[in-house]
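**Student:** Turn this into a structure:
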Amino acid sequence: MNRRGAKAPEAKAPRLEAEGLTLAIPGRSAGGAMEFALEPGQVWGVLGPNGAGKTTLLHTLAGLTAPRTGRVCLDGQPLGSLRRRSIARRLGLLFQERMDGFPATVSETVMMGRHPYLSLWQSESLEDIQRLRSALSALDLEALASRPVSTLSGGERQRVALATVLTQNPAVWLLDEPTNHLDLHHQSAVMALISVEARQGRAVMMCLHDLNLAARWCSHVLLLYPDGEALAGRCDEVMTLGALERLYRQRLSVAQMDGAPVYMPRVERAAPSTDLSDSAWRHP
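**Tutor:** Down below sits the predicted model:
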């Protein structure tokens, strides 16, 4: 109750929350349990070396892979208690690899993002068509709308996949390397689009290999270490030089450019160390 006797509004649950989460990765110990929450307006970057479990994390958050321990909640409800259609209306997943086995045009593929809202024999509504057109425009695909997806380049297919998520219109975006195959212009355009969507209330988590994209565009990061340890929090708190050097087993230099840090591999004048063991890198 507040001072006037009125009932205080209940705090909204985070869009997506991990509670005591460890990943089920064969041949690896559980490591530390992860605790983090994706709120509307936040953009999270997941950083880590190859094989650290970034893709497994996204698949676990989407309910495609069971965690070893812990649980995932979507809008305050355990993911396992929700129907797949309900999840698909609220959560979108961009896969790292896609199979384009069906003969479909760009428009037909992007329209698949509307399937969670349609019954088996229901035709697309005017709203569905408007969302399709808007997504094609946003991802620079209008000229390719009638092209078979099988004839596209890797970068064009990546934009089709992103347009499908945009058409789906979920509150939570899980993106596995969204800038894969994209040229510099489309990388910048896609990151700007993600930023705009977050400002409109989306909660975004994306796996990235580019530290500088994370530093410039993300509000929060999750560092995944090969031993299962994870560090999560705001970029300015977590992306310390020591934490990143230990993450990648690589000496780094950092500079400031346009108000954001820029990370570069440090050039060693002497022969670089060949010791890549964990013991060679101190905890930050």
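
**Student:** ok, A135 touching R159?
**Tutor:** No: using CB atoms under 8 Å, A135 makes no contact with R159, being 9.8 Å away. (Each C-beta comes from the backbone N, C-alpha and C, glycine too.)

**Student:** joint contacts of the two?
**Tutor:** Common contacts of A135 and R159 (CB atoms under 8 Å, 6 or more residues apart in numbering): L141.

**Student:** Break this structure down into its structural domains.
**Tutor:** Taking automatic domain parsing as the criterion, the chain consists of the domains 16-239, 248-284.

**Student:** Report how far apart the opening and closing residues of the first one are.
**Tutor:** End-to-end distance for domain 16-239: 22 Å, by CA to CA, to the nearest Å.

**Student:** now it: mean pLDDT?
**Tutor:** Across domain 16-239, pLDDT averages out at 93.

**Student:** Check this protein and tell me which residue is nearest its centre.
**Tutor:** In the chain, the residue lying closest to the centroid (CA atoms, centre = their mean) is M206, at 1.9 Å.

**Student:** Leaving out sequence neighbours, find the closest residue to it.
**Tutor:** If the residues on either side of it in the chain are set aside, M206 comes closest to L175, at 3.8 Å by CB to CB, 6 or more residues apart in numbering.

**Student:** Which strands or helices does the helix or strand harbouring the one you found pack on?
**Tutor:** Using DSSP states H and E, L175 sits in strand 172-176. Applying 3 or more CB pairs under 8 Å, 6 or more residues apart in numbering; DSSP states H and E, we find strand 172-176 packed against helix 54-61, strand 91-94, helix 154-168, helix 184-199, strand 203-207.

**Student:** Give me whichever of these is most buried.
**Tutor:** strand 203-207 (a mean of 25; mean count of other CB atoms under 10 Å).

**Student:** what separates it from the chain centre, distance-wise?
**Tutor:** Counting by CA atoms, centre = their mean, to the nearest Å, strand 203-207 is centred 3 Å from the centre of its parent chain.

**Student:** With stretch 233-247 instead?
**Tutor:** On CA atoms, centre = their mean, the centre of stretch 233-247 falls 18 Å from that of its chain.

**Student:** The residue nearest to M206 contacts R202, correct?
**Tutor:** No: L175 is beyond contact range of R202, at 10.8 Å (criterion: CB under 8 Å).

**Student:** The two: who's more crowded?
**Tutor:** Legend: neighbour count by other CB atoms under 10 Å for L175 and R202, higher for L175 (26 against 22).

**Student:** Run through the bridge partners of that one.
**Tutor:** Per DSSP bridges, the residues bridged to L175 are L94, M206.

**Student:** how near is it to E156?
**Tutor:** Look at L175 and E156: by CB to CB, to the nearest Å, they are 17 Å apart.

**Student:** Most tightly packed of the domains of the chain?
**Tutor:** Comparing the domains of the chain by mean neighbour count (mean count of other CB under 10 Å), domain 16-239 ranks first with a mean of 18.

**Student:** where do the strands sit along the chain?
**Tutor:** Using DSSP state E, the strands of the chain run over residues 16-22, 34-38, 43-47, 69-74, 77-78, 91-94, 172-176, 203-207, 220-224, 230-234, 252-257, 260-265.

**Student:** And these: which comes nearest S125?
**Tutor:** strand 91-94 (19.3 Å; CB to CB).

**Student:** residues in contact with that closest one?
**Tutor:** 16, 58-59, 62, 64, 74, 113, 161-162, 165, 168, 170-176, 178, 206.

**Student:** Repeat the analysis, applying 7 Å as the threshold.
**Tutor:** 58, 62, 74, 161-162, 165, 168, 170, 172-176, 178 (CB atoms under 7 Å, 6 or more residues apart in numbering).

**Student:** Stretch 130-148 now?
**Tutor:** 103, 105-107, 110-111, 114, 152, 156, 159-160, 162-163, 166-167, 169, 193.

**Student:** pull the CA atoms of stretch 19-39 into PDB?
**Tutor:** Written as PDB, here are the backbone C-alpha positions of stretch 19-39 (Å, rounded to 0.1, in the frame of the first residue of the first chain):
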ATOM      1  CA  GLU A  19      17.300 -18.900 -12.600                       C
ATOM      2  CA  GLY A  20      20.200 -21.100 -11.400                       C
ATOM      3  CA  LEU A  21      20.800 -22.000 -15.100                       C
ATOM      4  CA  THR A  22      23.600 -24.400 -16.200                       C
ATOM      5  CA  LEU A  23      23.900 -25.700 -19.700                       C
ATOM      6  CA  ALA A  24      23.800 -29.300 -20.700                       C
ATOM      7  CA  ILE A  25      27.000 -29.600 -22.800                       C
ATOM      8  CA  PRO A  26      28.400 -33.100 -23.200                       C
ATOM      9  CA  GLY A  27      31.800 -33.600 -21.700                       C
ATOM     10  CA  ARG A  28      31.800 -30.400 -19.600                       C
ATOM     11  CA  SER A  29      31.200 -29.900 -15.900                       C
ATOM     12  CA  ALA A  30      28.300 -27.700 -14.900                       C
ATOM     13  CA  GLY A  31      30.300 -24.600 -13.900                       C
ATOM     14  CA  GLY A  32      28.700 -21.800 -12.100                       C
ATOM     15  CA  ALA A  33      24.900 -21.300 -12.300                       C
ATOM     16  CA  MET A  34      23.800 -18.300 -14.300                       C
ATOM     17  CA  GLU A  35      21.300 -15.700 -13.000                       C
ATOM     18  CA  PHE A  36      20.200 -12.900 -15.300                       C
ATOM     19  CA  ALA A  37      17.100 -11.100 -16.500                       C
ATOM     20  CA  LEU A  38      16.300  -9.500 -19.900                       C
ATOM     21  CA  GLU A  39      14.200  -6.400 -19.400                       C
END
